[in-house]
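K.L.:
Predicted model and sequence follow; I will ask about them next.
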Amino acid sequence: MILSPRYLPRLAATIGLFTRYGLRDVASQQGLLDLAPDDESETSDDERDDLRSRAAGFRTRLVELGPAYVKLGQVLSTRPDLLPPAYIQELEQLQDDVGPIPYEDVEATIEAELGGRLAKLFDEFEREPLATASLGQVHAATLRDGRAVAVKIQRPNIREQLADDIEFFRELARFMTEHTKAGKRVDMIGVIQQLERALADELDYRLEARNAALLRRSLAEFPHILIPRVIGAYSTTKVLTVERVRGTKITDIAPVARLEHDFTEVADEFARAYLKQITIDGHFHADPHPGNIFVILPGVENPRTPSELAASERRATRRPAVTELTKIEAEAQRDAAPIVPQDGRVKLALIDFGMTARLPGNLKDGVVRLLLAIADDRGDDAAGVLVELGETLEGFDRVAYEREIATIVARNHDLTVGDIRAGLVLYEVINLSFDHGLRLPAQLALLAKALFNLDAVSRALDPSYSPIDAIRSYSTRVADERAKRELSPQRLMQMASEAGNFLAVLPHRLDVITKRIAQNELGLKIDAPQVTTLLAGLQKVANRIFSGLVLTGLLIASAMLLPHSERLGTAGFVIAAAIGMYMVASILLSDRRERRTRIDKSG
């Protein structure tokens, strides 16, 4: 139970996150204040602080509460339907705000995981970390063969610290789903499941290693996109070793470099690489923020891409791959795009593959149709795809929803190409869906975050570039890939098998249908949710018409009696007046109750 003594300290801390940092209204809307102890529910916001400083305080407090809350903040940064924009922007900065792991713990973890002394495993190992994060930190090192690598080490005992917090989040989400209005509109349990999956993936570095290898193979056709290779022999569940990238953060590109090199081509290649991940593979890097992407200028020594490795291969017979990672790398070099050995173009390097997302087949096809509809200014089609992908809740007004989605799409389509923000449009669409009572899959929030960061990266490379152009030009390839998939031997075999099964059972089904028709047992069931509301309205109208006719008859009878019996006629008029007043009062009260009910459902 969420109100058990075990969870009360966490509950008070969680509610305090909202009430103390400018989110009292959000906490009230989500139903959290009903759970708060008196001292927490009465805590007021600091009026002296502006919105930005309160959002920064919110982020700082998450770090103080521990790694589970840091990861929750990162998940919430993908949910603009739950938090205001200023808080979303602050939560994007959570990655680098955690203190370092003591070096003695780093050394002990590496030696326990890799089974050897640190001095024997590495030729050099820097004591100061390159970066820190909520679950681990990264150190620069050099292998015995001279290769420069980056080694990520998991924080000691982090799994035990997270387990109890996750159980609390799960109980809180379950309570809010069952007892709050917001919990019925937002998939709170889905948010926590997204958090659990993210933590499970990031706590097992073998999954991150495989993600990196798969994405390196997937993007091998883009010769200027570098994903560093994983060193499998030096990677375990708690230690991950990859080739070290030396580059410049895209936010720190020098003006001189912009004059000497063309960044438009690499921006377009990066956008097309992401579109391939989303629309073709259905597996994409879900956190491409500027801190995870580096610009590599010509002449700087760095790991080589699959294209460069394939171009420099001189052996007639390749060494056979043994491990899964080496097999994936061999496939990447086999499928790599050809490249000129002395190519002087700028490259982009992607790192940190702990957060990736997968789109199931039906969702991937829906996302493709949604992106193309947004890019082509087809708001009605975009709304139709969203309704198809989501779950409509009580009170959902499809006509009004389609009208507002069309307005958002048209408004952004009228902007110049350089001003269009594909990720921002998707965020607006998710917000509007939440407001109208349409619950969308959690993967769409991750997709919106990826596209939002894709916009930021593209504009850091070339301020005039927009991924919308790439989305439009990519539609032909998406159609070709879909046709190939539908006409592949496996798909044709599946269709033939399904057709065979259908033909096999068709005679029996026809026999059952004809027997029921002959015995007059065949019925037709129509499920039309609006029919009940329509019948109730018609019944109300009929009751009011009948009451009006009775009242009219009483008035006429009283008027006819008045010349013969003044007492009876007057009594009839009094009764008619009383009935009339009762009818008016009843109608007014009934209409007011219904109006309040509609407001409560929409709120």
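P.N.:
Perfect, thanks for sending it. On a predicted model such as this, the values are computed, not experimentally measured, just so you know. Numbering: from 1, shown residues only.
K.L.:
Any idea which helix or strand in the chain has the lowest mean pLDDT?
P.N.:
Ranking every helix and strand in the chain by mean pLDDT, DSSP states H and E puts helix 38-41 at the bottom, with a mean of 43.
K.L.:
After that one, which helix or strand is next? Please name it.
P.N.:
helix 51-65 (DSSP states H and E).
K.L.:
Quick check: which helices or strands does that next one pack against?
P.N.:
helix 8-19, helix 67-76, helix 85-91 (3 or more Cβ pairs under 8 Å, 6 or more residues apart in numbering; DSSP states H and E). For every residue, glycine as well, the C-beta is placed using N, CA and C.
K.L.:
Please identify the deepest-packed of those.
P.N.:
Of all the helices and strands packed on helix 51-65, helix 67-76 carries the top mean neighbour count, a mean of 23, counting by mean count of other Cβ atoms under 10 Å.
K.L.:
So for residue 207, which of the helices and strands packed on helix 51-65 sits nearest?
P.N.:
Evaluated over those, closeness to residue 207 peaks at helix 67-76, with 15.3 Å, by Cβ to Cβ.
K.L.:
And the host helix or strand of residue 457, what does it pack against?
P.N.:
Taking DSSP H and E as the criterion, residue 457 maps to helix 442-461. Packing partners of helix 442-461 (3+ Cβ pairs under 8 Å, 6+ apart): helix 188-203, helix 264-275, strand 283-285, strand 356-358, helix 361-375, helix 422-436, helix 467-486.
K.L.:
As a markdown table, those with distance to residue 109 and mean pLDDT would be great.
P.N.:
Formatted as a markdown table, those follow (distance: least, Cβ to Cβ, whole Å; pLDDT from 0 to 100):
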| stretch | distance to residue 109 | mean pLDDT |
| --- | --- | --- |
| helix 188-203 | 13 | 76 |
| helix 264-275 | 34 | 87 |
| strand 283-285 | 26 | 85 |
| strand 356-358 | 24 | 82 |
| helix 361-375 | 38 | 82 |
| helix 422-436 | 37 | 81 |
| helix 467-486 | 40 | 65 |
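K.L.:
Which of the ones you listed has the highest mean neighbour count?
P.N.:
Ranked by mean neighbour count, these are led by strand 283-285 with a mean of 23 (mean count of other Cβ under 10 Å).
K.L.:
immediately after it, which helix or strand?
P.N.:
strand 293-296.
K.L.:
what about dumping the CA coordinates of the helix or strand that that following strand is followed by to CSV?
P.N.:
Beyond strand 293-296 on the C-terminal side, the first helix or strand identified by DSSP H and E is helix 306-312. Extracted in CSV, the C-alpha atoms of helix 306-312 (Å, rounded to 0.1, in the frame of the first residue of the first chain):
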residue,chain,number,x,y,z
PRO,A,306,33.1,0.5,-41.1
SER,A,307,33.5,2.2,-44.5
GLU,A,308,37.1,3.2,-43.7
LEU,A,309,38.0,-0.2,-42.3
ALA,A,310,36.5,-1.9,-45.5
ALA,A,311,38.4,0.5,-47.7
SER,A,312,41.7,-0.2,-46.0
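K.L.:
distance between helix 306-312 and the chain's centre?
P.N.:
Its chain's C-alpha centre lies 35 Å from the corresponding centre of helix 306-312 when counted by Cα atoms, centre = their mean, to the nearest Å.
K.L.:
again with stretch 507-523
P.N.:
Relative to its chain's centre, stretch 507-523 lies at 47 Å (Cα atoms, centre = their mean).
K.L.:
In a markdown table: the helices and strands packed on helix 442-461, plus distance to residue 570.
P.N.:
What follows is those, written out as a markdown table (distance: least, Cβ to Cβ, whole Å):
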| stretch | distance to residue 570 |
| --- | --- |
| helix 188-203 | 65 |
| helix 264-275 | 84 |
| strand 283-285 | 83 |
| strand 356-358 | 80 |
| helix 361-375 | 71 |
| helix 422-436 | 56 |
| helix 467-486 | 79 |
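K.L.:
Could you point out which of these sits nearest residue 329?
P.N.:
Using Cβ to Cβ as the measure, strand 283-285 is the one of the helices and strands packed on helix 442-461 that comes nearest residue 329, at 17.2 Å.
K.L.:
Apart from its chain neighbours, what residue comes closest to residue 107?
P.N.:
Take residue 107 and drop its neighbours on the chain: the residue closest to it by Cβ to Cβ, 6 or more residues apart in numbering is residue 118, 5.3 Å away.
K.L.:
Could you dump the helices and strands packed on helix 51-65 into JSON lines with distance to residue 129 and mean pLDDT added?
P.N.:
Below are the helices and strands packed on helix 51-65 laid out as JSON lines (distance: least, Cβ to Cβ, whole Å; pLDDT from 0 to 100):
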{"stretch": "helix 8-19", "distance to residue 129": "28", "mean pLDDT": "72"}
{"stretch": "helix 67-76", "distance to residue 129": "16", "mean pLDDT": "76"}
{"stretch": "helix 85-91", "distance to residue 129": "22", "mean pLDDT": "77"}
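K.L.:
Generate CSV for those, with distance to residue 198 as supplementary columns.
P.N.:
As requested, those are exported to CSV (distance: least, Cβ to Cβ, whole Å):
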stretch, distance to residue 198
helix 8-19, 19
helix 67-76, 6
helix 85-91, 14
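K.L.:
And the residue nearest to the spatial centre of the chain, how far from residue 392?
P.N.:
Geometric centre of the chain, nearest residue: residue 445, 2.0 Å, by Cα atoms, centre = their mean. Plainly put, residue 445 is 18 Å away from residue 392 if you go by Cβ to Cβ, to the nearest Å.
K.L.:
how much space between the residue nearest to the centre of the chain and residue 430?
P.N.:
Distance of residue 445 to residue 430, given as Cβ to Cβ: 6 Å.
K.L.:
my read is residue 153 is in a helix, agree?
P.N.:
No - looking at residue 153 with DSSP: H, G, I helix; E, B strand; the rest coil, it is strand, so not inside a helix.
K.L.:
That one and residue 112 touch, don't they?
P.N.:
No - the criterion here is Cβ atoms under 8 Å, and residue 153 misses it with residue 112 at 10.8 Å.
K.L.:
Looking at these two, which is more packed in?
P.N.:
residue 153 (24 against 11; other Cβ atoms under 10 Å).
K.L.:
That one pairs with what?
P.N.:
Residue 153 has these beta-bridge partners by DSSP bridges: residue 137, residue 239.
K.L.:
Tell me which residues touch it, please.
P.N.:
Residues near residue 153 by Cβ atoms under 8 Å, 6 or more residues apart in numbering: 101, 106, 109-110, 136-139, 238-239.
K.L.:
Just give me the closest of those to residue 550.
P.N.:
Checking the contacts of residue 153 against residue 550 with Cβ to Cβ, the nearest one is residue 136 at 79.7 Å.
K.L.:
Double-check that closest one against residue 151; I have them as touching.
P.N.:
No - using Cβ under 8 Å as the test, residue 136 is too far from residue 151 to be in contact (9.9 Å).
K.L.:
picking that back up, out of the helices and strands packed on helix 51-65, which is closest to residue 516?
P.N.:
Taking Cβ to Cβ, helix 67-76 is the member of these nearest to residue 516, at 51.9 Å.
K.L.:
So which other helices or strands are in contact with the closest one?
P.N.:
helix 51-65, helix 85-91, helix 158-179, helix 188-203.
K.L.:
Same list, the ones you listed, but as JSON lines with distance to residue 410 please.
P.N.:
Below are those laid out as JSON lines (distance: least, Cβ to Cβ, whole Å):
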{"stretch": "helix 51-65", "distance to residue 410": "30"}
{"stretch": "helix 85-91", "distance to residue 410": "22"}
{"stretch": "helix 158-179", "distance to residue 410": "35"}
{"stretch": "helix 188-203", "distance to residue 410": "30"}
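K.L.:
which one of those lies closest to residue 243?
P.N.:
helix 188-203 (20.2 Å).
K.L.:
Just list what that closest one packs against, helices and strands only.
P.N.:
helix 67-76, helix 158-179, helix 205-218, helix 442-461.
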